[in-house]
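1. Next one to model:
(one chain, ligands or ions: 1)
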Amino acid sequence: MVRGFETHKIRKCEELSSALWDFQALAGTEKGKEYQVIVPSCWENYPGMEAYRGKAMYSRAFEAEGNIRLEFKGVSHTATILVDGKTVGSHYNAYTAFEVILRNLPAGMHTLEVIVDNSFGEESALHIPNDYQSYGGISRAVVKEKIEDAYVKWVHFTPVWKTNKQKDGTDKAWFGKAEICLCNVSNEDFEGSIEVKLEDNKIVTLPVTLQKNETKVIETEEILCSNVEMWCPQTPNLYYLTTILRNKENVPMDDCIERVGFREIRIEGKDLLLNGKKIFIKGLCRHEDHPQFGCALPLEAMQYDLMLAKDLGANSIRAVHYPNDELFLDLCDEQGILVWEENHARGLSEQDMRNPFFEEQCETCITEMITAHYNHPSIYIWGILNECASHTEYGEQCYKKQYDLIKSLDDSRPRSSASCQFKTDRCFGYPEVVSYNIYPQWYHDTPVKEYLEDLYNWVQTDTEGNGKPFLITEIGAGAIYGYRHPSQVKWTEEYQAETLSKQIKAVAGHDGCSGIYIWQFCDGRVSDSWFHTRPRTMNNKGIVDEYRRRKLSYDVVKEIFSGIETYKK
Ligand code: ADA
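-> Predicted coordinates:
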């Protein structure tokens, strides 16, 4: 499965994943190991490949003719694409989708080869040994599409709640603006038109002219969208937005179907407002990680995680520390679960950020993330650079550039960054929301309330984050599943449960806080080199373990989240 809904009716699509591919390791002692595997998958789940870090080849045949668009939803972490033995594309970063356009393929069978590399090295500024695993494999779906000379590359829809001047008085109504990116892959100029429909209602038709090989974005006005209901956690209403591209003979030649939600995210002083109502985030930080699937979780496993999140009383998932699979975001859209999504980065020092590939790899990730995920109503905020060097002058330059890039791509959502720089962060003037990762009672034994109050007051008195919404984007403690002991020392389930209880109550009871994300939903695998501080080479701060088995803290979090109003000031 590629998406939670059909994204094309006119464009002919075929999923190349969810089928057998040939796999072969290309290096090391595993060199020559061959398997038939289902894609998406991670090779760490193939026998004998559990610790393989290097290059491997995936291949399969496909039938095609003419102009073909191949879309890879995620290859971990560097991909080189060959068709019939010729390199036709490449991509860095496991967590963003990319396309390869093949022009005028002769009719018949063709060979697709994907060389995948998950090694660490100078050219990888973001996939580095870290407190999560950089898996290897074709870890998300692969699609083959037939396109004509011109096609719809993407459509972004921005819902706007504003006064409906077409009616007297001050009634407000939902409006929508569409931006449509069109590509002409031929050497001839193109003339035609696009029609945009919301469900079955035509909302606009515009003429289109494209020079040969031109890519162009055309924008509609803000158009009144009658008879729509808002998207919110209680009623996550979704609507199909269909864009049809016609040629000058008015014959439909391509289409793009998106699914949108009418919701408004706004900031009022120190409050986050969803559709005009103040919200308090009860969230969980979640890696895409599973002992049986690596980072390539199937739909059923994704939904099981969301069922647990809802059972816990959570209303938000913080997708750490990279853009997530669109299938997961589709599930969040359908179930009214708010998502904090962020570009791919975790804990990079200034030295790491000075890697010559860092800025380009971050900016590409941000652009690909927002281009692909813009229409998900569940995403309410864009994050950058989790716990990177926001306390240094050079770091600040990078943060500013990335905040500016996000704003240029999407000025409809607030921005933030999860900081760990205590009272040295110098970047709170740029984002709309101030966010911190804190671990009182785990990495240090300061009482939670005291630590939180001290930090919050410093932000208000000494930084440009004064008066902005303030989120705790990580807080938690470790526990080894099954380790219970009357001493209740650190790493026992008892210690984690007691600590999370204090931490959640302290954050909920602080009237400056707009929410909390527990670190973390489930235990997850980390890089082998992190073994010294990570028993089992796992990050064990989950409230369930990697098999989603509940620790004592599960019921404690559930009871507090479900009755959060009791603890709020
Ligand atoms: C940081 C980091 C997380 C995780 C956490 C921990 O806050 O953002 O990815 O490493 O620390 O477990 O210490």
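
2. What separation is there between Gly89 and Phe23?
-> 20 Å (C-beta to C-beta, to the nearest Å). Placement of C-beta: from N, CA and C, glycine included.

3. Alongside the ligand, which residues does this protein contribute?
-> 131, 320-321, 346-347, 386-387, 420, 437, 474, 519, 539, 541 (C-beta under 6 Å from any ligand atom).

4. So which of those is the closest to Pro291?
-> Asn539 (13.2 Å; C-beta to C-beta).

5. how about the closest one, what does it touch?
-> Asn539 sits next to Asp131, Tyr132, Gly478, Gln520, Asp523, Gly524, Arg525, Val526 when contact means C-beta atoms under 8 Å, 6 or more residues apart in numbering.

6. can you check Lys216 too?
-> Counted by C-beta under 8 Å, 6+ apart, Lys216 has contacts Cys181, Leu182, Leu210.

7. confidence score at the first one?
-> According to the prediction, Cys181 has pLDDT 98.

8. gap between it and Asp305?
-> 32 Å.

9. More neighbours: which of those two?
-> Asp305 (21 against 16; other C-beta atoms under 10 Å).

10. Mind telling me what element the more buried one is part of?
-> Asp305 is part of helix 299-311 when elements are defined by DSSP states H and E.

11. If you count contacts, what does whichever helix or strand comes after that helix end up packed against?
-> Using DSSP H and E, the helix or strand that follows helix 299-311 in sequence is strand 316-319. Where contact means 3 or more C-beta pairs under 8 Å, 6 or more residues apart in numbering; DSSP states H and E, strand 316-319 is packed against strand 281-286, strand 338-342, strand 513-518.

12. okay if I get the contacts of Asn539 as a markdown table plus secondary structure, pLDDT and neighbour count?
-> Listed next are those as a markdown table, based on DSSP: H, G, I helix; E, B strand; the rest coil; pLDDT from 0 to 100; neighbours: other C-beta atoms under 10 Å:
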| residue | secondary structure | pLDDT | neighbour count |
| --- | --- | --- | --- |
| Asp131 | coil | 98 | 18 |
| Tyr132 | coil | 98 | 21 |
| Gly478 | coil | 98 | 24 |
| Gln520 | coil | 98 | 24 |
| Asp523 | coil | 98 | 28 |
| Gly524 | strand | 98 | 25 |
| Arg525 | strand | 98 | 22 |
| Val526 | coil | 98 | 22 |
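
13. In the stretch 201-350 of the chain, which residue sits closest to the ligand?
-> Arg346 (5.2 Å; C-beta to the nearest ligand atom).

14. and what of the stretch 301-450 of the chain?
-> For the stretch 301-450 of the chain, C-beta to the nearest ligand atom, closest residue to the ligand: Asn437, 3.9 Å.

15. Now do the contacts for that residue.
-> Contacts of Asn437 by C-beta under 8 Å, 6+ apart are Asn386, Glu387, Ala418, Ser419, Cys420, Ile472, Thr473, Glu474, Ile475, Trp519.

16. Just the residues you listed: which are in strands?
-> Of those, the ones assigned to strands by DSSP state E are Ala418, Ser419, Ile472, Thr473, Glu474, Ile475.

17. what residues are up against Glu34?
-> Per C-beta under 8 Å, 6+ apart, neighbours of Glu34: Asp22, Phe23, Gln24, Ala25.

18. before we move on, the earlier item: the residue of the stretch 301-450 of the chain closest to the ligand: what's its closest spatial neighbour, skipping adjacent residues?
-> Excluding the flanking residues, the one nearest Asn437 by C-beta to C-beta, 6 or more residues apart in numbering is Glu474, at 3.4 Å.

19. So what's the residue count around Thr461?
-> With neighbours defined by other C-beta under 10 Å, the count for Thr461 comes to 8.

20. host element of it?
-> Per DSSP H and E: helix 448-462 holds Thr461.

21. which secondary structure elements does that helix contact?
-> Counting contacts by 3+ C-beta pairs under 8 Å, 6+ apart, helix 448-462 packs against strand 470-475, helix 493-508.

22. Mind listing what's buried along the helix holding Asp305?
-> Met302, Gln303, Asp305, Leu306, Leu308, Ala309 (16 or more other C-beta atoms under 10 Å).

23. does Arg60 sit in a helix, a strand or a coil?
-> strand (DSSP: H, G, I helix; E, B strand; the rest coil).

24. pLDDT score assigned to it?
-> For Arg60, pLDDT reads 98.

25. Any idea how many residues pack against the residue lying closest to it once chain neighbours are set aside?
-> Distances taken as C-beta to C-beta, 6+ apart put Trp21 closest to Arg60, at 4.6 Å, once the chain neighbours are dropped. Counted with other C-beta under 10 Å, residues neighbouring Trp21 total 22.

26. cool, and Thr29?
-> If we define neighbours as other C-beta under 10 Å, then Thr29 has 9 of them.

27. Dump the contacts of Asn437 into CSV; add distance to Cys285 as well.
-> Converted to CSV, these look like this (distance: C-beta to C-beta, whole Å):
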residue, distance to Cys285
Asn386, 10
Glu387, 12
Ala418, 9
Ser419, 15
Cys420, 13
Ile472, 11
Thr473, 8
Glu474, 6
Ile475, 10
Trp519, 5
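
28. Surely Leu102 is within a strand?
-> Yes: assessed with three-state DSSP, Leu102 lies in a strand.

29. how many neighbours does it have?
-> 22.

30. mind checking how far it is from Arg69?
-> Taking C-beta to C-beta, one finds Leu102 at 8 Å from Arg69.

31. just the helices in the chain please.
-> Using DSSP state H, the helices of the chain run over 299-311, 326-335, 350-353, 358-373, 393-409, 448-462, 493-508, 552-562, 564-567.

32. what stretches of this structure score poorly on pLDDT?
-> Scanning the chain for pLDDT under 70 picks out the ranges 168-169.

33. before we move on, the earlier item: from the contacts of Asn437, keep the buried residues only.
-> By neighbour count, with 16+ other C-beta under 10 Å, the contacts of Asn437 hold Asn386, Glu387, Ala418, Ser419, Cys420, Ile472, Thr473, Glu474, Ile475, Trp519 as buried.

34. just to revisit the earlier point, farthest pair within the ones in strands among the contacts of Asn437?
-> Ser419 and Ile475 (13.2 Å).

35. Provide a list of residues in contact with Gly476.
-> With C-beta under 8 Å, 6+ apart, Gly476 has these contacts: Tyr439, Trp442, Gln496, Thr499, Leu500, Gln503, Ile518, Trp519, Gln520, Lys541.

36. And for Glu493?
-> Ala479, Ile480, Tyr481, Gly482, Tyr483, Arg484, Lys551, Leu552, Ser553.

37. Tally up the residues packed near the residue of the stretch 201-350 of the chain closest to the ligand, please.
-> Arg346 has 19 nearby residues by other C-beta under 10 Å.

38. I'd say Thr364 and Tyr92 touch.
-> Yes: checked against C-beta atoms under 8 Å, the pair Thr364 and Tyr92 is within contact range at 7.5 Å.
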